[in-house]
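Chemist: Sharing a sequence plus its predicted fold:
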Amino acid sequence: MLDRLKSHEALIGQLVRYALTGGLASFVNIGVYWVLAARGMDPNLAWAIGFVAAVAVGYVVHSRWSFRGHGRRGNLARTGGRFVIVALVSFALNQFWVWLLVARAGLPLWAPYPLVLGVTPLVVFALNRRWVFG
């Protein structure tokens with residue numbers, strides 16, 4: 001029973017650290033985008049550069065803090081490559097929500113937010129916990 005409680009506490013701790021790190025990565029993404037787009041760079045290119053910066057920051061912080069003490073750390077090529085794949089899954093899943101709810105169903109622009117903020121992070125957390133850092 002005590003081991004199970006400690007396991008749940010560890011999982012909750014990872015979720016909290018993951019959420020904080022995700023907020024930091026989002027801030028990096030938006031900040032890079034804002035600075036570059038405000039200086040005249042194409043907004044799509046600025047967003048892509050911000051996304052790459054956020055993935056780099058996210059990998060470092062997730063590997064050293066969010067998932068500390070969890071699983072084993074392989075070499076950078078293994079975990080880094082897997083982390084990038086999961087980040088691309090996240091990007092694609094969010095694009096899918098936008099396409100499905102806004103472009104296809106004609107719902108308001110805010111309609112994907114619950115899925116982008118609720119479903120996608122949980123899917124990405126599970127992939128990171130089991131496949132990338134597990």
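Modeler: Thanks, I have it.

Chemist: So residue 20 versus residue 125, what's the distance?
Modeler: Remark: distance between residue 20 and residue 125 (Cβ to Cβ, to the nearest Å) = 12 Å. Glycine gets a C-beta too; all of them are placed from N, C-alpha and C.

Chemist: Give me the more crowded residue out of those two.
Modeler: Shown here are residue 20 and residue 125; by other Cβ atoms under 10 Å, residue 125 has more neighbours (20 against 13).

Chemist: Excluding chain neighbours, give the residue nearest to the more buried one in space.
Modeler: What sits nearest to residue 125 in space, not counting adjacent residues and going by Cβ to Cβ, 6 or more residues apart in numbering, is residue 18, at 5.4 Å.

Chemist: Now the one you found: which helix or strand?
Modeler: Here residue 18 sits within helix 2-38, counting by DSSP states H and E.

Chemist: what's the average pLDDT for that helix?
Modeler: Per-residue pLDDT over helix 2-38 has a mean of 87.

Chemist: helices or strands next to it in the packing?
Modeler: With contacts taken as 3 or more Cβ pairs under 8 Å, 6 or more residues apart in numbering; DSSP states H and E, helix 2-38 sits against helix 43-61, helix 120-127.
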